[in-house]
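Engineer: could you work out the structure for the sequence below:
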Amino acid sequence: MLTVITSDLAMGFVRGRRKSKCSSFEILTGRLAAKGQSPRVAFVRSELADAAQRLARFVQSVTGCAQPRLSVITDGANGLQKIYSQFPFPSESVLDLFHISMRVRYLEQIARGMHATSETEDMAKHVLTSIIDKLRWCFWHANIQKAESRLRQILLICRIVVPEAPKFSVSLSQLDFRTRELFAYVEANGGSTIS
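Structural biologist: Got it, this is the predicted structure:
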């Protein structure tokens with residue numbers, strides 16, 4: 001019998017104020033959502049070489065099943081992907097829309113903050129803002145192909161517009177960089193379901 005459970009995993013750094021070698025460390029936290037229970041796990045990742053094995057045993061002990069079906073909700077971080085890909089049972093990656101939405105919000109802020117000084121710059125700002133507004137819808141409806149198409153449109157506009165004002169040029173460069181960063185993030189998490 002397969003037990004279907006969901007887990008959310010997150011990693012973060014705890015930084016100390018001292019400059020000693022052990023003042024900062026990485027922690028991994030998670031919670032399982034199994035029927036009638038909600039056990040949690042947390043540990044210092046750098047102190048544990050077998051994080052995947054330890055988490056797998058935790059999931060198996062909570063579910064009472066050697067081969068549970070696990071959905072892992074994550075932010076898409078490489079370290080987390082490596083951990084759940086090593087589980088001895090199937091796991092489905094579910095990318096949390098919140099983390100994508102934060103990145104889209106940053107693109108929106110850059111585009112809306114552009115100071116256009118010419119008609120060309122004003123039109124570019126209007127088109128970029130419109131495309132970025134539609135980008136969140138693409139992710140919300142898990143239409144990755146359309147999202148990638150919109151990201152390509154943003155990159156194309158950033159490269160073909162000839163800015164007249166230095167500030168507009170800086171904004172275009174920032175938007176280009178952050179869009180490429182989002183594109184890489186989406187591609188790196190291409191096998192994930194977006195929820």
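
Engineer: what segments of the chain are strands?
Structural biologist: Along the chain, the segments classed as strands by DSSP state E run 4-15, 24-33, 40-44, 69-74, 91-95, 193-194.

Engineer: for the fourth one, the distance to its chain's centre please.
Structural biologist: Averaging C-alpha coordinates over strand 69-74 and over its chain gives two centres that are 15 Å apart (C-alpha atoms, centre = their mean, to the nearest Å).

Engineer: and the angle from it to strand 91-95?
Structural biologist: If you take axes from the mean of the first three to the mean of the last three C-alpha atoms, to 10 degrees, strand 69-74 sits at 30 degrees to strand 91-95.

Engineer: sheet-wise, list the partners of strand 69-74 with their directions.
Structural biologist: strand 4-15 (parallel), strand 91-95 (parallel) (DSSP bridges).

Engineer: quick check, pLDDT for the residue lying closest to R150 once chain neighbours are set aside.
Structural biologist: Excluding the flanking residues, the one nearest R150 by C-beta to C-beta, 6 or more residues apart in numbering is L135, at 4.9 Å. Where you see a C-beta, it was placed from the backbone N, CA and C, and this is true even at glycine. pLDDT, L135: 93.

Engineer: over to M11?
Structural biologist: At M11, pLDDT is 64.

Engineer: so D176 touches L156, yeah?
Structural biologist: No. D176 is beyond contact range of L156, at 10.0 Å (criterion: C-beta atoms under 8 Å).

Engineer: neighbour count for these two, which is higher?
Structural biologist: Comparing D176 with L156 by other C-beta atoms under 10 Å, the one with more neighbours is D176, at 16 against 10.

Engineer: residue ranges with poor pLDDT in the chain?
Structural biologist: For the chain, residues meeting the criterion pLDDT under 70 lie at 1-27, 34-37, 42-49, 78, 190-195.

Engineer: next, the buried residues of stretch 103-123.
Structural biologist: 103-104, 106-108, 110-111, 114, 116, 121 (16 or more other C-beta atoms under 10 Å).

Engineer: could you do stretch 61-78 as well?
Structural biologist: Neighbour-count burial for stretch 61-78 [16+ other C-beta under 10 Å]: 62-63, 65, 68, 70-77.

Engineer: got those as TSV, with distance to F139 columns?
Structural biologist: What follows is the buried residues of stretch 61-78, written out as TSV (distance: C-beta to C-beta, whole Å):
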residue	distance to F139
V62	31
T63	31
C65	33
P68	28
L70	23
S71	18
V72	19
I73	15
T74	16
D75	14
G76	12
A77	18
